[in-house]
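# mind looking at a prediction? Sequence and model below.
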Protein chains: 2
Amino acid sequence: PPSARMPIAMAVPKSGTRSTSQREAIYTEIEDHLRKAIPKPPPVVFEPMHHLTFAVPQGTAPALCIAACELVGGGRDQAMPAAAALHIIHAAAFAHENLPLTDRPEIRPPVAHAYRPNVELMTGDGMVPFGFELLAGSDDPAGENSERILRAIVEITRAAGSQGMVSGQYHEVEYLLPSGRGRREPEWADHVWAKKEGELHACAAACGAILGGGAEEEIEGLRRYGFYVGMIRGMMARGDGRREDGGVLSTVRDMKKLALKALEGFDQGKVEAVASILDANMC
Amino acid sequence: PPSARMPIAMAVPKSGTRSTSQREAIYTEIEDHLRKAIPKPPPVVFEPMHHLTFAVPQGTAPALCIAACELVGGGRDQAMPAAAALHIIHAAAFAHENLPLTDRPEIRPPVAHAYRPNVELMTGDGMVPFGFELLAGSDDPAGENSERILRAIVEITRAAGSQGMVSGQYHEVEYLLPSGRGRREPEWADHVWAKKEGELHACAAACGAILGGGAEEEIEGLRRYGFYVGMIRGMMARGDGRREDGGVLSTVRDMKKLALKALEGFDQGKVEAVASILDANMC
């Protein structure tokens, strides 16, 4: 078929500017929240933390967290600390995965380093606890949301930790290394994207629903939706190993169907913000 | 004075074996808790995580957390997840501060590396969220301890983050680097030890008291005690910059008095376990 050799970025119709700017507007709010929250002094800490937080390419998980919260009837403020924590963790992971280490020379396209490796390592190390502090500290004075916050913390620790995102990062590097066992098969890519993007987006959507007071079936529906959104994001960004390009697109289309199916139980008049994040990852 | 050139480790009387083994017994329990908690599969994650968790030199903060909880009348189980989290965070920090980076060649005595740098970096990155998961997940089914757990999470994120332990690690490395500005004055050492040990032990003791249901003045008394314990630990391990050795010992003796003063409000029949941790750091 003609699409078999077409670059992935051109083969899927661009989403409308409306949904893209909706996501960007949410992201601007998340970044504003972080700008106010990052502690100012001393500059030796603030400057690299500020830089690494805002220089990273935006993810879609934080915006999905906010949109999921609003879909189940919650207010944006209820999910903002979790969205900010997800962004901080994403930024710290990006900094660490681009650190120059002796055993991973030039495995990725080089990124610009504004600081020395020791500063970037330590700054990333400080950012992760800060993300959890934002979330744990958002407990309201009456403590009525404590259970939800603790549940969101457990969700995020699992998705970000050694069984989640870190496992994806680890396997991606092992694969990219010259000594890698050349596991360029679809199963490898599926695992990396499930861990780095799928489960992280699933967690983001579930946390938004938890913090917004969603029912269990809403939480699980949004979790499924988030998983497919993340998988599509990963596949569109990097392909899926040695599958033909046409195979990628076919997989992506199947996943989009499954993603939208996961939203069927929701009021279709209100799903636009959540659904727009799917489109943002397909362009 | 004759003590001025005496190695620090010999200049202070050893504490009795009784208090040392009390602390070791507590630590064994903390390690058992972690052995059961670290997720087993897959081995590629489990093995380095297990190694880095148990190869690190023991700290005293986790044992202090447990002892503080028991001093205010709490049960050991109430503080165990926080103590385990403190140990995991300590172990991850140790792994990262010993990573070979291009801009910090040979600044420390070399440690044995069981894994490649990328594996140690990623494993440390996975351990920190796991520590917070242990703590957040220890919420009891009725949710009656949620407020205390959230408060302990905020305490630990602050003590471990960019304003706390990471700041101490950062300044220590900047100082150890050949290009360091040669800040070998006591103020430098005070800052490093306050951040790396003082505030971390203060947090550990406060968390134990919070989780054990201590009153606010008990929490603050144990926080002060913990701070001096940590400062003494730092100074005994590495000295305090260019102060004469005799000056270090004099400072340590002053701090020991302040530490014991912070325990005055407690039942003196019950302070032994907590006080023994001070002695453990003086030998």
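Cool, the structure landed.

# okay, stretch A:74-84 in CSV with CA atoms only?
Only the C-alpha atoms of stretch A:74-84 are listed here, as CSV (Å, rounded to 0.1, in the frame of the first residue of the first chain):
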residue,chain,number,x,y,z
GLY,A,74,-13.9,17.4,39.8
GLY,A,75,-12.3,20.9,39.8
ARG,A,76,-9.1,21.7,38.0
ASP,A,77,-7.4,22.6,41.4
GLN,A,78,-8.0,19.1,42.7
ALA,A,79,-5.8,17.6,40.0
MET,A,80,-3.3,20.4,39.6
PRO,A,81,-0.7,19.2,42.2
ALA,A,82,-0.8,15.6,40.7
ALA,A,83,-0.4,17.1,37.2
ALA,A,84,2.5,19.2,38.4
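
# averaged pLDDT, it. What do you get?
Mean pLDDT, computed over stretch A:74-84, is 96.

# before we move on, what about stretch A:152-161?
Stretch A:152-161 comes out at a mean pLDDT of 96.

# just the C-alphas of that stretch, formatted as PDB.
Coordinates of each C-alpha in stretch A:152-161 appear next as PDB, following Å, rounded to 0.1, in the frame of the first residue of the first chain:
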ATOM      1  CA  ALA A 152      -2.700   9.000  43.900                       C
ATOM      2  CA  ILE A 153       0.800   8.900  45.500                       C
ATOM      3  CA  VAL A 154       0.800   5.100  45.400                       C
ATOM      4  CA  GLU A 155      -0.400   5.200  41.700                       C
ATOM      5  CA  ILE A 156       2.400   7.600  40.700                       C
ATOM      6  CA  THR A 157       5.200   5.900  42.700                       C
ATOM      7  CA  ARG A 158       4.300   2.600  40.900                       C
ATOM      8  CA  ALA A 159       4.100   4.100  37.500                       C
ATOM      9  CA  ALA A 160       7.300   6.100  37.900                       C
ATOM     10  CA  GLY A 161       9.300   3.500  39.700                       C
END
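
# now A:His90, nearest residue through space, not along the chain?
Spatial nearest neighbour of A:His90, excluding adjacent residues (C-beta to C-beta, 6 or more residues apart in numbering or on different chains): A:Gly59 at 4.7 Å. In short, each C-beta sits where N, CA and C put it, glycine included.

# that neighbour contacts A:Ala93, doesn't it?
No. Between A:Gly59 and A:Ala93 there is no contact under C-beta atoms under 8 Å: 9.8 Å.

# for the residue nearest the centre of chain A, list the residues it contacts.
Central residue of chain A (C-alpha atoms, centre = their mean): A:Ala61, 3.6 Å from the mean position. The neighbourhood of A:Ala61, defined by C-beta atoms under 8 Å, 6 or more residues apart in numbering or on different chains, consists of A:Leu86, A:His90, A:Leu200, A:His201, A:Cys203, A:Ala204, A:Gly226, A:Gly230.

# farthest pair in the residues you listed?
Farthest-apart pair in those is A:His90 and A:Gly226; separation 14.2 Å (C-beta to C-beta).

# so which of these two has more stuff around it?
A:Gly226 (34 against 25; other C-beta atoms under 10 Å in any protein chain shown).

# in strands, which of the contacts of A:Ala61 fall?
Under the assignment DSSP state E, the contacts of A:Ala61 contribute nothing to strands.

# just among those residues, which is most surrounded?
A:Ala204 leads these on contacts (other C-beta under 10 Å) with 37 neighbours.

# isn't that residue up against A:Ala68?
Yes. The pair A:Ala204 / A:Ala68 is scored as a contact, 7.4 Å apart, by C-beta under 8 Å.

# what do those two both touch?
With C-beta under 8 Å, 6+ apart, A:Ala204 and A:Ala68 have common neighbours A:Gly226.

# which bits of the stretch 151-283 of chain A sit near chain B?
Within reach of chain B by C-beta under 8 Å from any C-beta of the partner chain, the stretch 151-283 of chain A has these residues: A:153-154, A:156-158, A:160-163, A:166-167, A:169-170, A:173.

# please repeat the previous calculation with a cut-off of 6 Å.
A:Ile153, A:Val154, A:Thr157, A:Ala160, A:Gly161, A:Ser162, A:Val166, A:Gln169, A:Tyr170, A:Val173 (C-beta under 6 Å from any C-beta of the partner chain).

# in ChimeraX, select just the buried ones from the residues you listed.
Only the buried entries of those go into this ChimeraX selection, using 16 or more other C-beta atoms under 10 Å in any protein chain shown:
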select /A:153,154,157,160,161,162,166,169,170,173
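
# taking the residues of the stretch 151-283 of chain A next to chain B one by one, which sit in strands?
Short answer: these have none in strands (DSSP E).

# which among the residues of the stretch 151-283 of chain A next to chain B gets closest to A:Val274?
Distances from A:Val274 to those, taken by C-beta to C-beta, are shortest for A:Ala160, at 21.7 Å.

# right, and that closest one touches A:Ile89 too?
Yes. At 5.0 Å, A:Ala160 and A:Ile89 qualify as touching, with contact defined as C-beta atoms under 6 Å.

# is it true that A:Ile30 touches A:Ala83?
Yes. Between A:Ile30 and A:Ala83 there is a contact under C-beta under 6 Å: 4.9 Å.

# the more surrounded of those two?
Neighbours were counted for A:Ile30 and for A:Ala83 using other C-beta under 10 Å; A:Ala83 has more, 31 against 23.
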